[in-house]
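In: Just to be clear, the model below is a prediction. Sequence and coordinates:
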Amino acid sequence: MDNMPYKRLANQLNALPNGFPPTEDGIELELLARLFSPEEAECASYLRMSPNTPAQIAKHIGGDARAMRLLLKGMAKRGLIEVHKTEDGLGYALMPFIVGFYEAQNSRLDAELASLVETYFRQAFKDMLAVEPAFHRVLPVGETIPVNIEVQPFESAVAIIEQAQAWGVLDCICRKQKALVGEPCRHPIGYCMVFSPTPGAFDHDPNITAQTKEESLETLRQAAAAGLVHTVGNHQDHGEYICNCCTCSCGILRGVAELGVANVVARSAFYSQVDESKCIGCEECTIACQFDALAMGNMSMEVDRQRCVGCGLCVLRCSHGALSLIRRPEEEIKPVPATMRDWQVDRAAARGQDLGEVK
Ligand code: SF4
Ligand code: SF4
């Protein structure tokens, strides 16, 4: 196999703020070869974060614009690159590996791809996940916050659902991937929630079950009841999806226990607080916490505020009303980037990158 197109594409993907770190044995090239033909990889390696038309790309790298259009269309159809409307017609842009074209392979994921991803996770995800700002941030379970505590719209899963015009749900690719490598977890699979500002956007999508707003709110409630942590893209204008995650299968949250990266996910602005007078020491709440943030003290449960990500799952679990979420002091709250662009700029800076090379 001629690896050069894949090396070029891997380098270009690693130049994106999300990163696509190389590995010693080149598993990332095998991964790309599983998804892109050599011609597609060569073409994609010239794409940027902003869209370019086939004519613009052909002018830049040579070749026939018609053939280029077909190649680009084929990749866009398989969720490998993005397509956007531009003033000059349809334009195509590079997508990161995660969160990006890997998630778009949900319906094509098989045992071979799952195994390649698992190997890549073990070898390269630590480098990707340790960079801040994190890919995802935690959203608290809304009803675990006392009503007198203010919650910003971008901190609320319910607000994201309320703002959308179309709602859908599909299987979680992370739990699918772990099942395909023979390590299924106990959590339910069908809780990956997607949203769109376009009414009816998911009505004809064979891979997504379209929902009403009320059904989407019920899915959110069921996900929390199943012990899943709500997470979203780590910027305030994020509204495309809500992941319902677990530390056993989620490609991001697995980084805590398996790769030893403490900051894999940006915590919410809240933490869990114990009312000692109500705590009977049953330790039920420790079953709900996936972050080892709870431990029994002398008289009652105690919360490790450094470990607590503010998900609220322990609050749901405590039937004695001894737990509630409370807002952290301002100095403990990490600002959430306002836009996706801000997130990209901050992350590129943290990785010592010049975004000019790929934008
Ligand atoms: S579940 Fe509630 S009552 Fe039981 S230990 Fe935890 S905080 Fe205390
Ligand atoms: S203690 Fe654990 S379960 Fe409770 S809010 Fe914090 S991270 Fe979530």
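Out: Good, I have the coordinates. Numbers count the residues shown, from 1 in each chain. Ligands and ions are numbered 1, 2, ... in the order given.

In: show me the contacts for the residue in the stretch 51-200 of the chain that ligand 1 sits nearest to.
Out: Closest to ligand 1 within the stretch 51-200 of the chain is residue 144: 12.3 Å, counting by Cβ to the nearest ligand atom. For the C-beta atoms, the positions are set from N, CA and C on the backbone; glycine is no exception. Residues in contact with residue 144, defined by Cβ atoms under 8 Å, 6 or more residues apart in numbering, are 312, 315, 316, 323, 324, 325.

In: what bridges to the fourth one?
Out: What that stands for is residue 323. residue 274 (DSSP bridges).

In: so what pLDDT did it get?
Out: pLDDT recorded at residue 323 is 97.

In: again with the second one
Out: Residue-level confidence at residue 315 comes out at 97, pLDDT.

In: excluding its backbone neighbours, what's nearest it?
Out: Closest residue in space to residue 315, ignoring its immediate chain neighbours: residue 144 at 3.6 Å, by Cβ to Cβ, 6 or more residues apart in numbering.

In: and if you look at the last one?
Out: Setting aside the residues directly before and after it, residue 325 is nearest to residue 270 in space (Cβ to Cβ, 6+ apart), at 4.1 Å.

In: which secondary structure elements does the host helix or strand of residue 11 contact?
Out: Using DSSP states H and E, residue 11 sits in helix 4-14. Judged by 3 or more Cβ pairs under 8 Å, 6 or more residues apart in numbering; DSSP states H and E, the packing partners of helix 4-14 are helix 27-35, helix 38-44.

In: With mean neighbour count, mean pLDDT and distance to ligand 2 as added columns, please give the ones you listed in JSON lines.
Out: Formatted as JSON lines, those follow (neighbours: other Cβ atoms under 10 Å; pLDDT from 0 to 100; distance: least, Cβ to the nearest ligand atom, whole Å):
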{"stretch": "helix 27-35", "mean neighbour count": "21", "mean pLDDT": "97", "distance to ligand 2": "32"}
{"stretch": "helix 38-44", "mean neighbour count": "21", "mean pLDDT": "94", "distance to ligand 2": "39"}
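
In: quick one, which of those is nearest to residue 231?
Out: Relative to residue 231, the nearest member of these by Cβ to Cβ is helix 27-35, separated by 23.6 Å.

In: quick one: the residue of the stretch 51-200 of the chain closest to ligand 1 and residue 108, what's the gap?
Out: When Cβ to Cβ, to the nearest Å is the yardstick, residue 144 and residue 108 sit 37 Å from each other.

In: Distance from the chain centre to the helix or strand of the chain with the lowest mean pLDDT, please.
Out: Ranked by mean pLDDT, DSSP states H and E, the helix or strand of the chain with the weakest confidence is helix 54-61, at a mean of 88. Centroid displacement of helix 54-61 relative to its chain, using Cα atoms, centre = their mean, to the nearest Å, is 32 Å.

In: Just to check, residue 348 is in contact with residue 342?
Out: No: between residue 348 and residue 342 there is no contact under Cβ atoms under 8 Å: 10.8 Å.

In: Who has more neighbours out of these two?
Out: residue 348 (22 against 16; other Cβ atoms under 10 Å).

In: which residues sit in contact with the more buried one?
Out: 17, 354, 355.

In: Which strand or helix spans the residue lying closest to the first one once chain neighbours are set aside?
Out: Spatial nearest neighbour of residue 17, excluding adjacent residues (Cβ to Cβ, 6+ apart): residue 347 at 3.9 Å. In this assignment (DSSP H and E), residue 347 forms part of helix 340-350.

In: ranges for the helices of the chain?
Out: Per DSSP state H, the chain carries helices over the ranges 4-14, 27-35, 38-44, 54-61, 65-77, 111-129, 157-163, 173-180, 213-225, 254-259, 284-288, 313-317, 340-350.

In: And the spatially closest residue to residue 81 that is not a sequence neighbour, how far from residue 334?
Out: Using Cβ to Cβ, 6+ apart and skipping residues adjacent in sequence, the residue nearest residue 81 is residue 75, 4.7 Å away. In this view, residue 75 and residue 334 are 36 Å apart by Cβ to Cβ.

In: Likewise for residue 102?
Out: 26 Å.

In: okay, those two: which has more neighbours?
Out: Counting neighbours by other Cβ under 10 Å for residue 102 and for residue 334 shows that residue 102 has the greater number, 23 against 15.

In: who's in contact with that one?
Out: Counting by Cβ under 8 Å, 6+ apart, the residues that residue 102 touches are 117, 173.

In: How about residue 243?
Out: Contacts of residue 243 by Cβ under 8 Å, 6+ apart are 136, 172, 192, 193, 230, 231, 232, 250.

In: tell me which parts of the stretch 251-359 of the chain are close to ligand 1?
Out: By Cβ under 6 Å from any ligand atom, the residues of the stretch 251-359 of the chain that approach ligand 1 are 274, 279-285, 301, 317-318, 320, 322-323.

In: Only whichever of these are buried, select them in ChimeraX.
Out: Here is the ChimeraX command that selects the buried residues among those (16 or more other Cβ atoms under 10 Å):
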select :274,279,285,301,317,318,322,323
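
In: got the residues of the stretch 251-359 of the chain next to ligand 1 as a markdown table, with distance to ligand 2 columns?
Out: Formatted as a markdown table, those follow (distance: Cβ to the nearest ligand atom, whole Å):
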| residue | distance to ligand 2 |
| --- | --- |
| 274 | 10 |
| 279 | 13 |
| 280 | 17 |
| 281 | 16 |
| 282 | 15 |
| 283 | 13 |
| 284 | 11 |
| 285 | 7 |
| 301 | 9 |
| 317 | 8 |
| 318 | 9 |
| 320 | 15 |
| 322 | 12 |
| 323 | 7 |
